[in-house]
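Novice: fold the following and give me the result.
(2 chains)
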Amino acid sequence: MTVKEIFDTMDYGLAPESAKEALGWIAERNGQFGLYIGGRMSAVGDTFDTKNPANGEVLAQVTQATPDDVDAAVTAARKAQRKWAALSGHERAKYLYALARLVQKHSRLFAVLETLDNGKPIRESRDIDIPLVARHFYYHAGMAQLQDAELPDREALGVCGQIIPWNFPLLMLSWKIAPAIAMGNTVVLKPAEYTSLTALLFAQICDEAGLPKGVVNIVTGDGRVGEAIVTHEDIDKIAFTGSTEVGRVIRRETAGSGKSLTLELGGKSPYIVFDDADLDSAVEGLVDAIWFNQGQVCCAGSRLIVQEGIADRFYTKLKARMDKLRMGDPLDKSIDVGAVVDPVQHAQITKLVEAGAGDGELYQAPCPIPDTGCFYPPTLITGLSSASMLMQEEIFGPVLVATTFRTPSEAVEIANNTRYGLAATVWSENVNLTLDIAPKLAAGVVWVNGTNMFDAAAGFGGVRESGFGREGGWEGLQAYTKPRAKAQSLKPIAAFAAPKEATVDALDRTAKFYVGGKQARPDGGYSQAVWSKQGALLGHVGVANRKDIRNAVEAAHTANGWSKTTGHLRAQILYYIGENLSARADEFAARIDAMMGGRNGAKEVNAAVSRLFTYAAWSDKYDGAAKPVPMRGVALAMNEPVGVIGGFCPDDAPLLGLVSLMAPAIAMGNRVVLAASEPFPLAATDFYQVLDTSDLPAGVVNIVTGSHAELASPLAGHLGVDAVWTLSGADISAIVETESAGNLKRSWVNNATARDWFGAAGEGREFLVHATEVKTIWVPYGE
Amino acid sequence: MQSEQTSARASGVDRDIAQLPQVAHSRNPGMDLDMNWVRAVQANTSAIERRCASLPGRRSVKKDHQAAWLLKAITMIDLTTLAGDDTPGRVRRLCAKAAHPVRPEIMTALGVDEITTGAVCVYHDMIATAVDTLDHLGVNLPVAAVSTGFPAGLSPYHLRVEEIRESARAGASEIDIVISRRHVLTGNWQALYDEMRDFREACGDAHVKAILATGELGSLRNVARASLVCMMAGADFIKTSTGKESVNATLPVSLVMIRAIRDYYEATGYRVGYKPAGGISKAKDAITYLALIKEELGDDWLTPDLFRFGASSLLGDIERQLEHHVTGHYSATYRHPMG
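Specialist: As a prediction, the model looks like this:
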């Protein structure tokens, strides 16, 4: 076209970013890459092709790591770890700072390489991904610097196995590596097989930063490499970002191994538009929500939920906006939508849309589709309902599905009608409405009048089947540190056996369960006797089965009002429980002594009263935070209750152990189902009366007795339970972790290690962390 | 298109109808004041700022396309002088520049016909000079006059209305009026509507641009509401600023105003023009504005009938960019005739 013609048409034309330097970088390495182990690139092994999805051309050959390679990487990481952790925080900070600077220095090379390998528009890799990568290393350089002063009671986990997805290859690498090495861990990281190249360039800058050998190891390959990492015995922690399906497999495979685990999984995040929203801005927000990175974003606002009265107008505006989207060569600077990552993904999107679009009305942007490469047009499907398959299944492509609502509460109901809980977006100009809605949404991140905002200072992560753990902020460091404590193994405690000749009181005493504020008989109709050391019959307790668990969880769900109470009210009730326990201290002390055959009863009761006071104190003091994110606005980190928590109480402290689980949980607004100390259950059953007289609403605390080994599976496997803790004397950690895979609930297990319930380890922040979910609420503002 | 009009004017066609705003569209007749619509308007500042911040990164225009876009931008400039020391000589120089904005050898190298700026924009007392000069130069460029007690708009109301009539009589075919900001700031939308109606009526056949002085309206929501009310009262163009406020045209203000134009068009079928004024002095900024228009309003608005830049120094920067495009070497200011 001549200038004269363009003057009339006012077309954009082409604005390609050069691929020359990035292709040159690949060519300098002969287009073949080994693994980065122990600070050097290994020889090239068996390779597979990595392709440019925008044109199908092969970019390079990447090595498929073998189990031996993974082993070598873990060995290198292990060898480096002790020395790395022993460096001062300042020393480690200098390395992270150097990495941040090097990412910036090579920013365009990283960006172009990312776009070539992944297919995302150069604008996104250049303006979003790479700057966020640098920011993550800067931020965590600071965390390393502050570690000695601010986290003196915590230490590195050891060797971390990290498996990351293909949608944000380098960004996810930074989210994994930066906090891990900042805290003194070493890592073995596997990039996704589709997108290994920027990780390999990162290996080069680790060398340029002079990072000690073995601190960062990068092994490439497909799922088999991931499997080798997940099952490797010498890895202390697995961090995974990817699909819920694979996350569930990893949960099962690591169960009982003692490995820490954090999972950042799929989503079907709601995008709610109220009728008083700035509709044009909400439409533009959707461009950033679902057409960002071709919709291949775990937290993509993929479910549009729009108020009925404005729905038609909103859809009209949205379609007009879609008509303006430009799809094509991702290296073109004027492209909004690039290529999806691989033909496999393209086929999956196509299949899902073909299967589900019939439930509604399909609209696709009229942008021309390039002849070659994996391009899928921006798509909107309106007129769906919650029952439509496409409203429930994650598509992971540029496909937005939409439905309508009538009232704010219905909006919340529809939004939460999902197995996932990663992110949510709310648009309204009414601050009362948005700040009322945000806490009600089942999500780890809520964006108000904006979407897809990320920052290293703000926690990111999900609830429900979107996984557990947070990345970013102080809360993200929980995933890469552990309390500095010497673990003692747990000595099993058996109940006193029935004597040959029983001493039996005249009056029968049979303790039932405590369910929904009432005493309930065991569903199965079985009981067992509790004997003293001297052979006296102390009473009978019920033997709970799966139906008793079901009933107790049901009761806990009914008591959901507890989660909305104020910290002040919960404090009052915890103090009152303490007061009432104290009034009956002698009776409880005598009971404990009788059950356990010791003289520690009075001490335990005192400790239990103190513990109740501790969490009464914490009820209104476990503060959230306002994160200093780089925008005009606030990012609030709110500590929210997890929901319904199942807990297996310690055997060795029948009253104090129960209180140590119950009190932090209910102080933070959770409802609990607790299995009492198995050998010494009667302190728990006596405790019902204390609870009954302390104004605790029915169903907030539910207690059953019976075999922990028997109950582990039904409680940890219950899909309506949000977290399960075992601090039991029975070694049920493996069962609990395996069963928790069902709904990917959070689990906290003792791996058969003991805890001093009378000491500092018996209470405090560690418990509160487990009793809360950090929800990050982004509220940009400005008039 | 441009060249046809230029030659038509050279042959002495009535200047009142040629290259006026909206010559290709029916003129916005206005409508009754719809307060429900005005009150329902929302503008989320942070979201609007984010859209504007990402736009330059989303759209990039290179090489021949950039040259063509910059030429287009020139045809949309209301080349302006609004200074207390304006003299006939100064205005004549401005008109000469408007008639021949780019050195001929550059135009030849680009392979395009000669172009003119969109209009010249002056104070009332300079209208006659501008009209005469342009006639003398043989180009039929519209002369726009700022009016109604520009820039503050606080002179006696009847004089403001009369000033419009005087300017129209003097030969101005476009009248840039200033609204009473106090009506917006006090929420007196009826008063704003009535005032705009009167101004429009006083303009007669001359087209009216409503200057909102957005830098003084306090919020983007007020900008959106004032835009709508002025369109309802029959504005042909809405314009950001006088150039005299401390904050003049910005991308966020522009986005709000053109979204209001889009809503008004969707509701009524009438296209209202947009003129950002003040603070746009770089070629790159001009491209960003054109991309914003193309994205939010569409190609229909990429014409001087519906889009103008109120600018004085923008042209100089564009000229240097065009010379760079033609020669491959960065240019210098003194190589281009001053306006």
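
Novice: only C-alpha atoms for contact and neighbour calcs from this point on.
Specialist: Will do.

Novice: and the residue in chain B that chain A sits nearest to, what does it touch?
Specialist: Using CA to the nearest CA, the closest approach of chain B to chain A is made by B:R59 at 4.3 Å. By CA atoms under 8 Å, 6 or more residues apart in numbering or on different chains, B:R59 lies in contact with A:Y12, A:K333, A:S334, A:I335, B:T288, B:A291.

Novice: 6 Å instead, please
Specialist: A:S334 (CA atoms under 6 Å, 6 or more residues apart in numbering or on different chains).

Novice: please, where are all the helices along chain B?
Specialist: B:2-10, B:35-40, B:45-58, B:63-75, B:88-99, B:104-110, B:127-137, B:157-169, B:181-185, B:189-203, B:220-232, B:251-268, B:283-296, B:314-327 (DSSP state H).

Novice: which residues touch the closest residue to chain B within the stretch 601-750 of chain A?
Specialist: The nearest approach of the stretch 601-750 of chain A to chain B comes at A:R632, 7.9 Å away (CA to the nearest CA). By CA under 6 Å, 6+ apart, the residues touching A:R632 are A:P780.

Novice: try B:R93
Specialist: B:G339.

Novice: do the same with the one 5 residues further on
Specialist: By CA under 6 Å, 6+ apart, the residues touching B:A98 are B:T116, B:T117.

Novice: the same query, at a cut-off of 7 Å, please.
Specialist: Residues near B:A98 by CA atoms under 7 Å, 6 or more residues apart in numbering or on different chains: B:L79, B:T116, B:T117, B:V120.

Novice: and the residues you listed, which of them are in strands?
Specialist: B:L79, B:V120 (DSSP state E).

Novice: return the closest of the contacts of B:A98 with respect to A:A608.
Specialist: Closest to A:A608 out of the contacts of B:A98 is B:L79 (82.5 Å), distances taken as CA to CA.

Novice: let me see the contact set for that closest one.
Specialist: Counted by CA under 7 Å, 6+ apart, B:L79 has contacts B:A98, B:T117, B:A119, B:V120, B:C121, B:G310, B:A311, B:S312.

Novice: please tell me how far the closest residue to it other than its chain neighbours sits from B:K97.
Specialist: In this structure, B:L79 finds its nearest non-sequential neighbour in B:V120, 4.7 Å apart by CA to CA, 6 or more residues apart in numbering or on different chains. Noted for B:V120: a distance of 10 Å to B:K97, by CA to CA, to the nearest Å.

Novice: what of B:S180?
Specialist: The value you get for B:S180 to B:K97, if CA to CA is used, is 33 Å.

Novice: from chain B, how far off is A:A182?
Specialist: To chain B, A:A182 is 32 Å away according to CA to the nearest CA, to the nearest Å.

Novice: same deal with A:L157?
Specialist: 40 Å.

Novice: just give the number of residues close to the closest residue in space to that residue that isn't next to it in sequence.
Specialist: Setting aside the residues directly before and after it, A:L157 is nearest to A:T481 in space (CA to CA, 6+ apart), at 5.3 Å. By other CA atoms under 10 Å in any protein chain shown, the residues close to A:T481 number 22.

Novice: burial check on residue 149, number of neighbours?
Specialist: All of this refers to chain A. A:A149, neighbours per other CA under 10 Å, totals 10.

Novice: oops, I was thinking of chain B
Specialist: Neighbours around B:G149, by other CA under 10 Å: 19.

Novice: so what's it up against?
Specialist: B:G149 neighbours (CA under 7 Å, 6+ apart): B:S155, B:R160.

Novice: residue ranges with poor pLDDT in chain B?
Specialist: Along chain B, segments meeting pLDDT under 70 span B:1-24.

Novice: if we go to 80?
Specialist: Within chain B, the ranges that satisfy pLDDT under 80 run B:1-25.

Novice: could you do chain A as well?
Specialist: Using pLDDT under 80, the flagged stretches of chain A are A:503-509.

Novice: switch the cut-off to 90
Specialist: When residues are selected by pLDDT under 90, those of chain A lie in A:485-488, A:500-510, A:534, A:783.

Novice: could you report the neighbour count for the residue of it found nearest chain B?
Specialist: Nearest residue of chain A to chain B: A:S334, at 4.3 Å (CA to the nearest CA). Around A:S334 there are 27 other residues, counting by other CA under 10 Å.

Novice: was I right about it contacting B:R58?
Specialist: Yes. With contact defined as CA atoms under 7 Å, A:S334 reaches B:R58; the gap is 5.3 Å.

Novice: what about stretch B:56-66, how long is it end to end?
Specialist: 14 Å.

Novice: which parts of the stretch 251-400 of chain A sit against chain B?
Specialist: Neighbours of chain B within the stretch 251-400 of chain A, by CA under 7 Å from any CA of the partner chain: A:A277, A:D278, A:S281, A:K324, A:K333, A:S334, A:I335, A:D336.

Novice: again with the stretch 401-550 of chain A
Specialist: For the stretch 401-550 of chain A, the residues in contact with chain B (CA under 7 Å from any CA) are A:N449, A:G450.

Novice: mind listing the helices for the stretch 401-550 of chain A?
Specialist: Taking DSSP state H, counting those that start in this stretch as the test, the helices found in the stretch 401-550 of chain A are A:408-415, A:431-437, A:473-476, A:546-558.

Novice: got a markdown table for these, with mean neighbour count too?
Specialist: Formatted as a markdown table, the helices of the stretch 401-550 of chain A follow (neighbours: other CA atoms under 10 Å in any protein chain shown):
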| stretch | mean neighbour count |
| --- | --- |
| helix A:408-415 | 18 |
| helix A:431-437 | 14 |
| helix A:473-476 | 20 |
| helix A:546-558 | 21 |
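
Novice: ok, which of these comes nearest B:M107?
Specialist: That would be helix A:431-437 among the helices of the stretch 401-550 of chain A, by CA to CA, at 54.7 Å.
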